[in-house]
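Engineer: sequence? don't have it. structure:
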């Protein structure tokens, strides 16, 4: 089979080389960018951050599987794929080591903001010692917006920091509060309450039409002025202009971002002049998660070759 990887070869922690090694009997091609010109002649598409529209799918002539190398499928027109009998599958965060990897980076961003690593770097270069004075996580309130695989991985790790943990869960928040041992869990309508109580707000929920621009001018105003926002999910959860205004006005103390409104973001974007600790969408790019993802993707391609139903599919075909 012919498999198209919609990214540069070196993207996503060496995934392309690893999947080729795992499946030597297949033909692989990397598009060299986060996009593709055509799907003609390909059996499998690994879309990464490429938008897979109905128009693009209409031109495909033998595509049978859209296999994401992660969880996010917000850029894929799943209904259009179903109409063309193309399977759409992903790799959930909690089966590959991805959730654990993302959670670890989330804690890195929290500590980096609390201890002000930007000032550390500046002071070290200026030969200033003993400053800045940081903040500890102990005793702080962490609000987790989303309690799926990543949120739960964060809960397990953050308990060791002696923080107060609260959260938002779309369905059955009372059960999540009890099972996870959190101080409080509310539903989507309780977001303002979580924001007003949290010293750190961590976004770990999917991007949908409902959650797009979840953090906007109004919701940023609900946060404490000394609080930090951390986004581990998708850039579209935050209104970029509202974020810049919140940072410039001191409405919030800073932001930790692994995902952005456009990727890659412009390094000269004015938002980075403020207290923003940024990483280049690498929260899930670790040895553990990449090898876990490769195994799931390879298994689905083997299943397709055997005319079997792929695992973790999100649609139905004839």
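Structural biologist: Sure, I can see it. Remember, it's a predicted structure, so these values are computed and weren't measured experimentally. Numbering: from 1, shown residues only.

Engineer: hang on, isn't residue 92 packed against residue 149?
Structural biologist: Yes. Residue 92 is within contact range of residue 149, at 6.3 Å (criterion: CB atoms under 8 Å). All C-beta spots, glycine's among them, are computed from the backbone N, C-alpha and C.

Engineer: of these two, which one has the most company?
Structural biologist: Taking neighbours as other CB atoms under 10 Å, residue 92 and residue 149 compare with residue 149 leading, 20 against 15.

Engineer: buried residues in stretch 199-216?
Structural biologist: 199-207, 211, 213-216 (16 or more other CB atoms under 10 Å).

Engineer: again, but for stretch 149-156
Structural biologist: Buried residues in stretch 149-156 (16+ other CB under 10 Å): 149, 150, 151, 152, 153, 154, 155.

Engineer: and the strands in the stretch 1-150 of the chain, which stretches?
Structural biologist: Listed in chain order, the strands found in the stretch 1-150 of the chain under DSSP state E, counting those that start in this stretch are 2-5, 27-30, 44-46, 65-67, 87-89, 141-145.

Engineer: now those strands as CSV including mean neighbour count?
Structural biologist: Below are those laid out as CSV (neighbours: other CB atoms under 10 Å):
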stretch, mean neighbour count
strand 2-5, 20
strand 27-30, 16
strand 44-46, 27
strand 65-67, 26
strand 87-89, 23
strand 141-145, 25
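
Engineer: among these, which is nearest residue 115?
Structural biologist: Closest approach to residue 115 among those (CB to CB): strand 141-145, 15.8 Å.

Engineer: adjacent strands (with direction) for the closest one?
Structural biologist: strand 164-168 (parallel), strand 200-203 (parallel) (DSSP bridges).

Engineer: mind putting those strands in TSV, mean pLDDT included?
Structural biologist: Output for these, formatted as TSV (pLDDT from 0 to 100):
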stretch	mean pLDDT
strand 164-168	98
strand 200-203	98
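
Engineer: what's the closest of those strands to residue 138?
Structural biologist: For residue 138, the closest of the strands paired with strand 141-145 is strand 164-168, at 10.1 Å, according to CB to CB.

Engineer: so what pLDDT did the nearest residue to residue 276 once chain neighbours are set aside get?
Structural biologist: What sits nearest to residue 276 in space, not counting adjacent residues and going by CB to CB, 6 or more residues apart in numbering, is residue 255, at 4.9 Å. pLDDT recorded at residue 255 is 98.

Engineer: does anything pack onto the host helix or strand of residue 255? Which helices or strands?
Structural biologist: Per DSSP states H and E: residue 255 is located in strand 254-257. Here strand 254-257 touches helix 98-115, strand 228-231, helix 240-249, strand 276-278, going by 3 or more CB pairs under 8 Å, 6 or more residues apart in numbering; DSSP states H and E.

Engineer: need those in CSV (columns: mean pLDDT, mean neighbour count and distance to residue 121).
Structural biologist: Listed next are the helices and strands packed on strand 254-257 as CSV, based on pLDDT from 0 to 100; neighbours: other CB atoms under 10 Å; distance: least, CB to CB, whole Å:
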stretch, mean pLDDT, mean neighbour count, distance to residue 121
helix 98-115, 96, 22, 11
strand 228-231, 98, 27, 18
helix 240-249, 98, 18, 19
strand 276-278, 97, 19, 11
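
Engineer: any chance of CSV for these, columns distance to residue 183?
Structural biologist: Putting these into CSV (distance: least, CB to CB, whole Å) gives the following:
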stretch, distance to residue 183
helix 98-115, 17
strand 228-231, 19
helix 240-249, 25
strand 276-278, 26
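
Engineer: how close does the nearest residue to residue 316 once chain neighbours are set aside sit to residue 59?
Structural biologist: Nearest in space to residue 316, with sequence neighbours left out and distances taken as CB to CB, 6+ apart, is residue 82 at 6.3 Å. Residue 82 is 17 Å from residue 59, where distance means CB to CB, to the nearest Å.

Engineer: cool, thanks, talk later.
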